[in-house]
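S.K.: test case, fold it:
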Amino acid sequence: MGLNARLQAHELYRFYHAGEDETLALRGVSLSLLPGETVAIVGPSGSGKSTLINCLAGLDEPDGGWVEVMGQRMTRRPEAMRSRLRAQHIGILLQSGNLFEHLTIDDNLALAQFLAGTQRTPRANAALAAVGVASRARAMPAQLSGGELARAGLALATVNQPAILVADEPTGEVDSASEAVVLELFRERARNGGANLVVTHSDAVAAMADRVLRLVDGRLQDG
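M.R.: Numbering: from 1, shown residues only. Modelled structure (predicted):
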């Protein structure tokens, strides 16, 4: 693994129990994510991609192995520490969305800045403008179209200019115009030294990535 890696995962294992049955979702997954790099993870449904994303972002704890973010151990640390590391260094966009439904888009971004320990700044406007939804800042999430919602979620994930962006199917339900906006944001982040980890079924996203890794039955392999 690279010494300058923004994110490192070492031999991650995760299993679930349902009665007497045990499901191994991750089977010794290791990866590193470098500055300026975009890595795409592909694989069939049920292969462990969402479980991997959750473990990498500290939203779930692996049963074995560990994750480091910016050289700091994320795994098996108190939730308060994991939350602080996420707020400071990781932007997260999950399939379930990352916007609070009872807040406007602008207030969602202001909350993200507060949680990261920063003051409300013009960065929020810039983040919304970068994905083409600045005019929808005062709207509630329920008032946005699917494409607008995906782009607003991406603005939220990037408002604090995180060193690491972790995105689960960011273009899964958007039109081609919105997909082009999302892809350009990834490219811009990489040009500025940001690291992107994207779970995707999109050929366009995979083609943009510096590396494509395939997750099959909880095991990672070169794409």
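
S.K.: which residues touch G132?
M.R.: By Cβ atoms under 8 Å, 6 or more residues apart in numbering, the residues touching G132 are 151, 181. Placement of C-beta: from N, CA and C, glycine included.

S.K.: let's have the chain start at 47 instead
M.R.: Yes, from this point I'll number from 47; that puts the last item at G178.

S.K.: now it: which helix or strand?
M.R.: Under DSSP states H and E, no helix or strand contains G178.

S.K.: and it, what's its pLDDT?
M.R.: pLDDT recorded at G178 is 87.

S.K.: all strands for this structure, in order.
M.R.: With DSSP state E, the ranges of strands along the chain come out as 53-64, 67-79, 84-88, 110-115, 118-119, 136-139, 210-214, 241-245, 257-262, 265-268.

S.K.: mind putting these in TSV, mean pLDDT, mean neighbour count and distance to D152 included?
M.R.: Output for those, formatted as TSV (pLDDT from 0 to 100; neighbours: other Cβ atoms under 10 Å; distance: least, Cβ to Cβ, whole Å):
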stretch	mean pLDDT	mean neighbour count	distance to D152
strand 53-64	92	17	29
strand 67-79	91	17	30
strand 84-88	95	23	28
strand 110-115	96	19	28
strand 118-119	94	14	31
strand 136-139	92	24	17
strand 210-214	94	25	21
strand 241-245	95	25	25
strand 257-262	94	17	35
strand 265-268	86	13	38
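
S.K.: out of those, flag the one nearest A158.
M.R.: strand 136-139 (8.8 Å; Cβ to Cβ).

S.K.: what sits up against the closest one?
M.R.: 103-105, 115, 132, 144, 199-200, 202-206, 208-214, 216.

S.K.: give me the subset of the residues you listed that lies in helices.
M.R.: 132, 199-200, 202-204 (DSSP state H).

S.K.: which residue is nearest the centroid of this protein?
M.R.: V212 (1.7 Å; Cα atoms, centre = their mean).

S.K.: E219 contacts R197, doesn't it?
M.R.: No: the pair E219 / R197 is not scored as a contact, 11.5 Å apart, by Cβ atoms under 8 Å.

S.K.: the more surrounded of those two?
M.R.: Neighbour totals were compared for E219 and R197, and R197 leads with 25 against 12 (other Cβ atoms under 10 Å).

S.K.: the more buried one and V179 touch, don't they?
M.R.: Yes: with contact defined as Cβ under 8 Å, R197 reaches V179; the gap is 5.1 Å.

S.K.: for this protein, longest helix please?
M.R.: Using DSSP H to define each element, the chain has its longest helix at helix 222-237.

S.K.: what packs against that one?
M.R.: Where contact means 3 or more Cβ pairs under 8 Å, 6 or more residues apart in numbering; DSSP states H and E, helix 222-237 is packed against strand 84-88, helix 192-204, strand 241-245, helix 249-254.
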